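A.B. asks: Fold the following, please.
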Amino acid sequence: QYTRVWIPDPDEVWRSAEIIKDYKEGDKSLHLKLEDETLYEYPIDLQGNELPFLRNPDILVGENDLTALSYLHEPAVLHNLKVRFLESNHIYTYCGIVLVAINPYEQLPIYEQDVIYAYSGQNMGDMDPHIFAVAEEAYKQMARDEKNQSIIVSGESGAGKTVSAKYAMRFFATVGGSASETNIEAKVLASSPIMEAIGNAKTTRNDNSSRFGKYIQIGFDKRYHIIGANMRTYLLEKSRVVFQAEDERNYHIFYQLCASASLPEFKDLGLTCAEDFFYTSQGGNTYIDGVDDDDDFEKTRHAFTLLGVKESHQTTIFRIIAAILHLGNLEIQGERDGDACSVSSEDEHLNNFCGLLGVEHSQMQHWLCHRKLITTAETYVKNMSVQQVVNARNALAKHIYAQLFNWIVQHINKALHTTVKQHSFIGVLDIYGFETFEVNSFEQFCINYANEKLQQQFNSHVFKLEQEEYMKEGIPWTLIDFYDNQPCIDLIEAKLGILDLLDEECKVPKGTDQNWAQKLYDRHSSSQHFQKPRMSNTSFIVLHFADKVEYQSEGFLEKNRDTVYEEQINILKASKYQMVADLFQDEKDAAPTTSVGKGTSKISVRSARPVIKAANKEHKKTVGHQFRNSLHLLMETLNATTPHYVRCIKPNDEKLPFKFDPKRAVQQLRACGVLETIRISAAGFPSRWSYHDFFNRYRVLMKKRDLSKNDKKQICQTLLEDLIKDPDKFQFGRTKIFFRAGQVAYLEKLRADKFRAATIMIQKTVRGWLQRVKYQRLRQAAIVVQRYTRGHLARRLAEHLRRTRAAIIFQKQYRMLQILRAFQRVRNATITIQAFARGMFVRRIYHKV
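C.D. replies: Next up is the predicted model:
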């Protein structure tokens, strides 16, 4: 049997091949035979002396835990996942403490209630890998160790993060059902349709993509029943409210409301179909295949009711959403000089906007097209150009939506809040994965920064677990070098890092994206994680842990400032509807939503004197600064819990069921840290066997006299010292044996050789026995045939003899009869003649006488 290896391939990433000629040190190439029987000469880099990766023995292919593989490397991981996904249709695989989940793009019957009960109470390794197994492990550890837990679900858009998080929450709701009649678990699950309606949208990659990150804490009492929950959200993609790329949609709630516009209670919203509104029609197609927006809207309303949102509040929410759509349809008329513009007081959409929000029409009409400028000496009102008005209008729409989003999240938290003392909690983090596109802007920068922080937490946790395992087993701990991305994080968040310089530039009155990019080049050109592209003076490259990403600086300042003009906010504060006014109260004190979006590049300041103070406050509230703070808070929470990791993988971009694209898969495996886990494992003793399992598996290699001993640990030690001469290749722990990479494959080879020799012996004996049995059977058959033939011949001879004798008797009798009759005829004739003659003679004598 030839040694099998993996070689790089441009299409399949890695291809399997066999070495058909022994490799000697110094050879410039390897002679290989590919799976399609073609011969191939693989060149070897003699400087790096890099030989191709070895393939695992067939017995290890399809393992449900990647760390059980003897050769731990990228091709082995990719092949194992592919075999499990395509041949066995298993979408879940463990990789040490990580659950890798591949999106099958079809409904599988593995999430029913009975499956939840099957996993409840089981140990993690006892059953097939599953999201329920991870959830059960978290629940069990919370009860056993009395420590808070976190399940961190990550992956790129369309990989199945939200669904995984939903199933984890369903598991907790089922096994930790509340003891009271508050029906809290139903409320926890009811928050999903609401958050999907206001926070999810159709993108080119995913029909139901979460455009924000969320961390849901499910609280438990001392008996580990659910008592409440709390949700934190991160980085809502506000720019989607005013802009959608081709074939994408705005947030689902806009289309749900338009689809239900004909209902009597929504007549006064002034809505028509989604195609008629600028904010919902930029992507082209306003429908999603297989989705009924009307039906989904019913579910959203039902969920609001279940969470205790009053009918009046629901009506106001829908009025605000409709008002945003009308705001997008305002007709802005430019003046001749281009520096001024206006909105007609007759504009139907302006009337609807003001009416729905209960704000003063003339004020809104004026301040949409003007802005207040404050200098040290005076305050004056300035006209705005059409583009500035459009930017300000868009910024206002995004701000209104973000405030509404925050209000709904707060209300959900209020509904899920409990007065009962929380004993412990399990947090479920559903957060965007590492992103890189053709054009990467502020959104991708924040997302990738979050992923750097999460990856660092993941690495240190895996590293710590590894260290604990060694300590527990009493194995000497040698420092393993693992990738620490602290330098990259420092580049982003440290003093005078990218975010600091961005905030500084935002404070400069005439700061521009180009100036900021120049400052980055000057300050960070020496950093190993920062590069300047050759062909651009406005872009910069950050070398993240997963990949290097080029960011276009255009729009960074605008999105970081996220400014809305104060005059417009003041009008909204004066709304006659209490809920609308409440949305915008205390905005100077309250931090704005942690969100990304396109804003304007002007900062409004209230008065002349506290300019510095106000500017400083504005600086504190930049999106980047606030995102950094919320991320630090998240990290503190995660570090205070025991984390469990779920990495979602998108197998193809076409959303086809059970189709596996190796290129896309390996890209994500590199990005989500699975390969780093494997690298950390492989650097030490990646393969671990309990003494019992090792004894059972490799007892064939043991001598008879060793097997008679009772101490299995001693038997295993004796065997390994005999078989593996280098003592550094294995270590004996208290309950396990630790092996370096490749040793289990070596033992498997010895075991296979032993089995092969035994098999040959068995085959030889069995074949001899089979031949003897066959010969005996043939001989027996021949004797029986001979016996029957001889009997038959003897009987035939006897018959012949009997017939011959009978024939002779017949002949004898017949001949005798013939002769007797002939004799009698002659005798009779003679007697007759004699009688006549005698008579004649006597008569003659008589006559004579």
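A.B. asks: When you work out contacts or count neighbours from here on, use the C-alpha atoms and nothing else.
C.D. replies: OK.
A.B. asks: From Lys161, how far off is the residue nearest to the spatial centre of the chain?
C.D. replies: By C-alpha atoms, centre = their mean, the chain has its centre lying nearest to Cys648, at 2.4 Å. According to C-alpha to C-alpha, to the nearest Å, Cys648 stands 6 Å off from Lys161.
A.B. asks: Overlap of the contact sets of those two?
C.D. replies: Residues touching both Cys648 and Lys161 by C-alpha atoms under 8 Å, 6 or more residues apart in numbering: 153-155.
A.B. asks: Quick check: helices, which of these are part of them?
C.D. replies: Taking DSSP state H, every one of those sits outside helices.
A.B. asks: Any chance of JSON lines for these, columns distance to Ile809?
C.D. replies: Output for these, formatted as JSON lines (distance: C-alpha to C-alpha, whole Å):
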{"residue": "Val153", "distance to Ile809": "112"}
{"residue": "Ser154", "distance to Ile809": "113"}
{"residue": "Gly155", "distance to Ile809": "111"}
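A.B. asks: Return the subset of the residues you listed lying in strands.
C.D. replies: 153-155 (DSSP state E).
A.B. asks: Next secondary structure element downstream of the helix or strand of the chain with the lowest mean pLDDT?
C.D. replies: Least confident helix or strand, the chain: helix 611-620 with a mean of 38, by mean pLDDT, DSSP states H and E. Next along the chain after helix 611-620, taking DSSP states H and E as the criterion, comes helix 623-639.
A.B. asks: max-length helix in the protein?
C.D. replies: Using DSSP H, we find that the single longest helix of the chain is helix 743-848.
A.B. asks: For that one, name the packing helices and strands.
C.D. replies: Helices and strands touching helix 743-848, by 3 or more C-alpha pairs under 8 Å, 6 or more residues apart in numbering; DSSP states H and E: there are none.
A.B. asks: hang on, isn't Phe556 packed against Ser441?
C.D. replies: Yes: at 6.9 Å, Phe556 and Ser441 qualify as touching, with contact defined as C-alpha atoms under 8 Å.
A.B. asks: So those two - more neighbours on which side?
C.D. replies: Neighbours were tallied for Phe556 and for Ser441 using other C-alpha atoms under 10 Å; the higher tally belongs to Phe556 (25 against 19).
A.B. asks: residues contacting the more buried one?
C.D. replies: By C-alpha under 8 Å, 6+ apart, the contact set of Phe556 is 441-442, 502, 513.
A.B. asks: do that again at 6 Å, thanks
C.D. replies: Phe442 (C-alpha atoms under 6 Å, 6 or more residues apart in numbering).
A.B. asks: how close does it sit to Leu501?
C.D. replies: To Leu501, Phe556 is 11 Å away according to C-alpha to C-alpha.
A.B. asks: Check Gly791 too.
C.D. replies: When Gly791 is compared with Leu501 (using C-alpha to C-alpha), they lie 114 Å apart.
A.B. asks: surely Gly213 meets Ile431?
C.D. replies: Yes: assessed by C-alpha atoms under 6 Å, Gly213 is found in contact with Ile431 at 4.4 Å.
A.B. asks: more neighbours, the two?
C.D. replies: Each of Gly213 and Ile431 has its neighbours counted (other C-alpha under 10 Å); Ile431 has more, 28 against 20.
A.B. asks: Next up, the contacts around that one.
C.D. replies: Applying C-alpha under 6 Å, 6+ apart to Ile431 gives the contacts 154, 213.
A.B. asks: Kindly confirm my reading that it forms part of a strand.
C.D. replies: Yes: under DSSP: H, G, I helix; E, B strand; the rest coil, Ile431 falls within a strand.
A.B. asks: Look at it and report its pLDDT.
C.D. replies: Ile431 is assigned 83 on the pLDDT scale.
A.B. asks: what do you get for the one 5 residues further on?
C.D. replies: Reported pLDDT at Thr436 in the predicted model: 79.
A.B. asks: With Tyr255 instead?
C.D. replies: Value listed for Tyr255 in the pLDDT field: 95.
A.B. asks: what do you get for Ala682?
C.D. replies: pLDDT, Ala682: 65.
A.B. asks: cool, Glu468 as well?
C.D. replies: 78.
A.B. asks: Tell me what angle the helix or strand containing it forms with helix 623-639.
C.D. replies: Assigned by DSSP H and E, Glu468 belongs to helix 442-473. Using axes from the mean of the first three to the mean of the last three C-alpha atoms, to 10 degrees, the inter-axis angle of helix 442-473 relative to helix 623-639 is 20 degrees.
A.B. asks: average pLDDT across the next helix or strand after helix 442-473?
C.D. replies: Once the chain leaves helix 442-473, the next helix or strand it forms, by DSSP H and E, is helix 486-493. Averaged over helix 486-493, pLDDT sits at 92.
A.B. asks: How about stretch 813-823?
C.D. replies: 92.
A.B. asks: in that stretch, what counts as buried?
C.D. replies: Across stretch 813-823, burial judged by 16 or more other C-alpha atoms under 10 Å covers no residue at all.
A.B. asks: List the contacts of stretch 255-273.
C.D. replies: Stretch 255-273 has contacts (C-alpha under 6 Å, 6+ apart) with 274, 293-294, 297.
A.B. asks: which among these gets closest to Met816?
C.D. replies: Relative to Met816, the closest of the contacts of stretch 255-273 is Asp293; by C-alpha to C-alpha it sits at 124.3 Å.
A.B. asks: I'd like the distance between the nearest residue to that closest one once chain neighbours are set aside and His302.
C.D. replies: Distances taken as C-alpha to C-alpha, 6 or more residues apart in numbering put Gln256 closest to Asp293, at 4.6 Å, once the chain neighbours are dropped. Going from Gln256 to His302 by C-alpha to C-alpha gives 13 Å.
A.B. asks: before we move on, back to that, which one (most neighbours) among the contacts of stretch 255-273?
C.D. replies: Going by other C-alpha under 10 Å, Phe297 tops the contacts of stretch 255-273 with 23 neighbours.
A.B. asks: which residues touch that one?
C.D. replies: Gln256.
A.B. asks: then the helix or strand where it lies to PDB, C-alphas only?
C.D. replies: Element membership for Phe297 (DSSP H and E) is helix 293-306. Output in PDB follows, covering the C-alpha atoms of helix 293-306 (Å, rounded to 0.1, in the frame of the first residue of the first chain):
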ATOM      1  CA  ASP A 293     -44.900  39.500   3.900                       C
ATOM      2  CA  ASP A 294     -48.600  39.800   4.800                       C
ATOM      3  CA  ASP A 295     -48.500  36.500   6.800                       C
ATOM      4  CA  ASP A 296     -45.200  37.500   8.500                       C
ATOM      5  CA  PHE A 297     -46.700  40.800   9.500                       C
ATOM      6  CA  GLU A 298     -49.500  38.900  11.400                       C
ATOM      7  CA  LYS A 299     -46.800  36.900  13.200                       C
ATOM      8  CA  THR A 300     -44.900  40.200  14.100                       C
ATOM      9  CA  ARG A 301     -48.100  41.800  15.500                       C
ATOM     10  CA  HIS A 302     -48.900  38.600  17.400                       C
ATOM     11  CA  ALA A 303     -45.400  38.600  18.900                       C
ATOM     12  CA  PHE A 304     -45.800  42.300  19.900                       C
ATOM     13  CA  THR A 305     -49.100  41.500  21.700                       C
ATOM     14  CA  LEU A 306     -47.500  38.400  23.400                       C
END
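A.B. asks: got the buried residues for whatever helix or strand comes next after that helix?
C.D. replies: Sequence-wise, the next helix or strand downstream of helix 293-306 (DSSP H and E) is helix 311-328. Under the neighbour-count criterion of 16+ other C-alpha under 10 Å, helix 311-328 has 316-328 buried.
A.B. asks: In a markdown table, list these along with distance to Met364.
C.D. replies: Below are those laid out as a markdown table (distance: C-alpha to C-alpha, whole Å):
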| residue | distance to Met364 |
| --- | --- |
| Thr316 | 19 |
| Ile317 | 20 |
| Phe318 | 20 |
| Arg319 | 17 |
| Ile320 | 15 |
| Ile321 | 18 |
| Ala322 | 17 |
| Ala323 | 13 |
| Ile324 | 14 |
| Leu325 | 16 |
| His326 | 13 |
| Leu327 | 11 |
| Gly328 | 14 |
